[in-house]
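Engineer: 3D model of this:
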Amino acid sequence: MQRRDLFALFGLGGSAALASGLPLKALPVPSASGPFTPVPVPLPLPGDGQSATEQQRTQRRVSLVDRLVVPLGYRADLLAAWGEPLADGHFGFNNDHLSFTDLGEDRALLTVNFEYISPKPWSEGYADATGESLPWLELIEALRSFDGVVDVTALRADDPLRQLARTVAGAALRDQGIGVIELRREPSGQWRRRSGSFDRRVSGLEGLDDPARRLRVSGPAAAVFRSPQRLGYDDGLQDRVIGTFANCAGGETPWGTVLSAEENVQSQVVEAVHADGSSPAPAVLPLRCDGRKFDGLGNAFGLAGNKYGWMVEIDPRQPQRPAVKHSWLGRYRHEAVAVQARATEPLLVYSGCDRHGGHLYRFVSEGRITDPSDPANSALLEAGRLEVARFEPDGSGRWIPLDPATPLNPQRPSHYEGFGLKQPTLVPHSDRSQPGAEALASDQAVETYLQRYGTLADLYPGRSEERLGAILIDAHLAANAVGATAAARPEDTVIDPSSGDLLVAFTAGGSDAGGSADPAIFHGPGGENRWPHGWIMRLQDQGFAEAGRFRWRMLATGGAPWQGGLGFSSPDNLAVDRTGNVWLVTDRGGGKPELDLFGNNSCWVLPSQGAAAGKPFCFATGPMECELTGPCFDAPEATLFLSVQHPGESNGTRSSGAGEWQAIRLRDRDGQEFEQLRWVPLGSNWPSGVPGRSPRPAVVAIRRSGGGPLL
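Structural biologist: Residues are numbered from 1 along each chain as shown. Reported below is the predicted structural model:
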């Protein structure tokens, strides 16, 4: 039996019922090939077809399973898993966004993002997945006397610790980035991977040893990187970049290229920058490897932090064409990209910064589209303007340009105090020789700041292009300074093809040391100031004029039904099919009771028409401790491609029978509270299903067993 068949036998295939004892009922979900029977979830839902009594009976005792569960009549086929050979490397770790490129004649390409390293399952499974040894424990032991932390840049070239650190950090960076795999469709309709000339890996250390493979930077930030004088660190590479990592969400352009978003780079390189856009030295964020934390990977290779956190363009059909980081799209924790390309109009690109208090951005090209399918449109990404969203509670909004002439107008702390919250205003440091942010704790402190600085030009020095580059490099703090709305972790943007509207997934309204979502815009169904379950927003842009306006409304709200939500929590990636059905996957963290009640992360469908329009139906649930990411379709929409990311992230490899019972408080459709006893496996063995075998992130293709459209 081949390995893929073994994976299919143990970890994939049609729905059982989560081993929960829940009945499966055909519900009125639009479908061209027969009724779509939703996958059961471990909490009562308004659309589950059960009475309150039935909900209590079927939900009192359930068991989660370490499998990818899909509806009856569907099957999931494994396409590629971590460690499999790919081009001159291997398939990376924690696959995220997926982009499907149809080549015709039953051939296609799938572009895959590899986001980050989950230390426990990565270290446990590295040798088994890749066939190579990893001196993980040796590095932890060597750093024990350093409390797990070392500045590799300060070590001598012949220091054995330097080589040990670079070996482990290098393996982790090479396991991130972007990959392209070739697919072939068999007569049965099943897609299978077939190695070919388009196979490609662009890793986190791309170009380290071969300068010809380094990434290029377009737009004003390139002038910052080329400047012979700077306040901070010089990596000696000018406007070339070693690698791309933290590649999370992404999207496609109408002319066939793929945009890949660098998100949480702050854990691997220095995020803060100086007023001129230059980066502090890598020593500011040393390498940490203590068995729990694995951060500061860029330190081992002297990477300049200001060169990461960008949107990267890659052409999957041209393996020899270098990837490009487009600086006009801004540097922040990118997780989302949606492209609107209409003939005679400028190119519009929407993206979000995934952090508490992050922002929604819009790029407007200087040039205009002639033919949306023309590959020359990539040049439009190299000149334009970047804008950031300001939402108003009445459902209106406007775009604020990140331009040197834009006046400063940061949110006052008293705004949050009106909601009973304390949130300092984070702005570029008032001492412009210092990198990073300053927290202004009072309205008076904001007014004092504004007496010194009136526009973005006052904060960022330099000539025209260099000043623009510095603003784009420091986009998040620049956006704070001009009064952009602090949003609720915008994790995906997608254009609804039926209306042209922008859909935005906001994963959670909360806060941390870096900021918090504006409760005037992002609040729970009962007016809650903090809402951990997220929303999907519909935004209608009203043209592309500078400082243009838009309208917005919430399309769906996460949360349990008895809380006023729709039954899912933490919407992450979105996809919209040709008939307007919205597909979403969830990314709820573990360890918090208000989130744990939703069970494993999942994939949902919100139909666009019929009696079930707007109601959520669960299409798949993932293995233990994973999230499902990157939903996309093949050309006829007969196959859904999904990434299964970080199975076993918290507990690593599951030993036989490992698990625990949890008591969960639920409410039935009549509002009566009851207790559920839930069995939760600890760790994962997906996709092999073999106890004691380490889990692997992987990509799957889901289709109807008998063929035909998904819905």
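Engineer: surely L139 forms part of a strand?
Structural biologist: No: counting by DSSP: H, G, I helix; E, B strand; the rest coil, one finds L139 to be helix, located in no strand.
Engineer: so it versus Q163, what's the distance?
Structural biologist: Applying C-beta to C-beta, to the nearest Å, the value for L139 to Q163 is 10 Å. Any C-beta I mention is one placed from the backbone N, CA and C, and that applies to glycine too.
Engineer: between the two, which one's more packed in?
Structural biologist: Set L139 next to Q163 and count neighbours by other C-beta atoms under 10 Å: L139 wins out with 24 against 15.
Engineer: quick check, that one in contact with D290.
Structural biologist: No: L139 is beyond contact range of D290, at 9.7 Å (criterion: C-beta atoms under 8 Å).
Engineer: so what sits against both of these two?
Structural biologist: Both L139 and D290 lack any common contact, where contact means C-beta atoms under 8 Å, 6 or more residues apart in numbering.
Engineer: would you map the helices across the chain?
Structural biologist: 3-11, 52-59, 119-130, 136-142, 160-174, 221-226, 413-417, 443-452, 456-459, 464-473, 475-481, 593-596 (DSSP state H).
Engineer: so who does Q59 touch?
Structural biologist: Counting by C-beta under 8 Å, 6+ apart, Q59 has contacts 22, 42-44, 666, 674, 676.
Engineer: ok, now with 10 Å
Structural biologist: Listed by C-beta atoms under 10 Å, 6 or more residues apart in numbering, the contact partners of Q59 are 20-22, 40-44, 48, 50, 664, 666, 668, 674-678.
Engineer: now, those that are in strands?
Structural biologist: 664, 666, 674-678 (DSSP state E).
Engineer: taking those residues, tell me the two that lie furthest apart.
Structural biologist: For the ones in strands among the contacts of Q59, the farthest-apart pair by C-beta to C-beta is F674 and R678; their separation is 12.5 Å.
Engineer: neighbour-wise, which of those two wins?
Structural biologist: R678 (23 against 16).
Engineer: just checking the distance from stretch 587-596 to the centre of its chain.
Structural biologist: 17 Å (C-alpha atoms, centre = their mean, to the nearest Å).
Engineer: what about it, average pLDDT?
Structural biologist: The average pLDDT within stretch 587-596 is 83.
Engineer: can you get me a residue count around the residue nearest to A520 when sequence neighbours are not counted?
Structural biologist: Leaving aside its sequence neighbours, A520 sits nearest to P393 (C-beta to C-beta, 6 or more residues apart in numbering; 5.0 Å). Using other C-beta under 10 Å, P393 has 9 neighbouring residues.
Engineer: any idea how far P393 lies from D518?
Structural biologist: 9 Å.
Engineer: ranges for the strands of the stretch 251-400 of the chain?
Structural biologist: For the stretch 251-400 of the chain, the strands defined by DSSP state E, counting those that start in this stretch occupy 258-262, 287-289, 294-295, 311-314, 324-326, 338-340, 346-352, 360-368, 384-391, 396-401.
Engineer: relative to E649, which of those is closest?
Structural biologist: strand 294-295 (12.6 Å).
Engineer: now what about that closest one, what contacts it?
Structural biologist: 116-120, 122-123, 136, 139-140, 148-149, 168-169, 172, 266-269, 285-289.
Engineer: repeat the analysis, applying 7 Å as the threshold.
Structural biologist: Strand 294-295 has contacts (C-beta atoms under 7 Å, 6 or more residues apart in numbering) with 117, 119, 172, 267-268, 288.
Engineer: can you tell me which of those lies nearest to A481?
Structural biologist: S267 (24.5 Å).
Engineer: name the nearest residue to that closest one, ignoring sequence neighbours.
Structural biologist: D295 (4.9 Å).
Engineer: swap in G591?
Structural biologist: S650 (7.7 Å).
Engineer: how about N601?
Structural biologist: Closest to N601 by C-beta to C-beta, 6+ apart is E627, at 4.4 Å.
Engineer: do I have it right that that neighbour meets G589?
Structural biologist: No: the pair E627 / G589 is not scored as a contact, 9.2 Å apart, by C-beta atoms under 7 Å.
Engineer: which one of these two has more residues nearby?
Structural biologist: Applying other C-beta under 10 Å to E627 and G589 shows that E627 carries more neighbours, namely 24 against 16.
Engineer: can you name the residues bridging to W399?
Structural biologist: Beta bridges link W399 to A389, judged by DSSP bridges.
Engineer: from P407, how far out is it?
Structural biologist: For W399 relative to P407 (C-beta to C-beta), the value is 15 Å.
Engineer: next: I495.
Structural biologist: For I495, the distance to P407 equals 31 Å [C-beta to C-beta].
Engineer: higher neighbour count, these two?
Structural biologist: I495 (18 against 14).
Engineer: the more buried one against Q340, yeah?
Structural biologist: Yes: because the distance of 5.8 Å satisfies C-beta under 7 Å, I495 is recorded as touching Q340.
Engineer: and for these two, which residues touch both?
Structural biologist: Overlap of the contact sets of I495 and Q340 (by C-beta under 7 Å, 6+ apart) is empty.
Engineer: any idea what W552 is bridged to?
Structural biologist: Beta bridges link W552 to L539, judged by DSSP bridges.
Engineer: residues near it, how many?
Structural biologist: If you count neighbours by other C-beta under 10 Å, W552 ends up with 22.
Engineer: what's the answer for R194, then?
Structural biologist: Neighbours around R194, by other C-beta under 10 Å: 11.
Engineer: okay, it: pLDDT?
Structural biologist: R194 carries a pLDDT value of 96.
Engineer: which residues does D541 contact?
Structural biologist: Applying C-beta under 7 Å, 6+ apart, we find D541 in contact with 502, 550.
Engineer: tell me the buried residues in stretch 549-569?
Structural biologist: For stretch 549-569, the neighbour count (16 or more other C-beta atoms under 10 Å) marks 550, 552, 554-563, 565-569 as buried.
Engineer: could you dump it to PDB, C-alpha only?
Structural biologist: In PDB, the C-alpha atoms belonging to stretch 549-569 read as follows (Å, rounded to 0.1, in the frame of the first residue of the first chain):
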ATOM      1  CA  ARG A 549     -15.700  56.900   1.000                       C
ATOM      2  CA  PHE A 550     -17.400  53.600   1.600                       C
ATOM      3  CA  ARG A 551     -20.400  52.000   3.400                       C
ATOM      4  CA  TRP A 552     -20.100  48.900   5.700                       C
ATOM      5  CA  ARG A 553     -22.300  46.500   7.600                       C
ATOM      6  CA  MET A 554     -21.800  43.300   9.400                       C
ATOM      7  CA  LEU A 555     -22.800  40.300   7.400                       C
ATOM      8  CA  ALA A 556     -22.300  37.600  10.000                       C
ATOM      9  CA  THR A 557     -21.300  37.500  13.700                       C
ATOM     10  CA  GLY A 558     -19.500  34.700  15.400                       C
ATOM     11  CA  GLY A 559     -20.400  33.200  18.700                       C
ATOM     12  CA  ALA A 560     -22.700  30.500  20.200                       C
ATOM     13  CA  PRO A 561     -26.400  30.800  19.200                       C
ATOM     14  CA  TRP A 562     -27.400  31.600  22.700                       C
ATOM     15  CA  GLN A 563     -24.900  34.500  22.700                       C
ATOM     16  CA  GLY A 564     -26.400  36.000  19.500                       C
ATOM     17  CA  GLY A 565     -23.800  34.400  17.200                       C
ATOM     18  CA  LEU A 566     -24.200  32.000  14.300                       C
ATOM     19  CA  GLY A 567     -22.500  29.000  15.800                       C
ATOM     20  CA  PHE A 568     -18.900  29.400  14.600                       C
ATOM     21  CA  SER A 569     -16.100  31.300  16.200                       C
END
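Engineer: that stretch - what's its average pLDDT?
Structural biologist: On average, the pLDDT along stretch 549-569 is 97.
Engineer: how about stretch 573-583?
Structural biologist: The model assigns stretch 573-583 a mean pLDDT of 95.
Engineer: repeat that for stretch 385-392.
Structural biologist: Per-residue pLDDT over stretch 385-392 has a mean of 98.
Engineer: just stretch 133-149 next, same as before
Structural biologist: Averaged over stretch 133-149, pLDDT sits at 97.
Engineer: sweet, I'm off.
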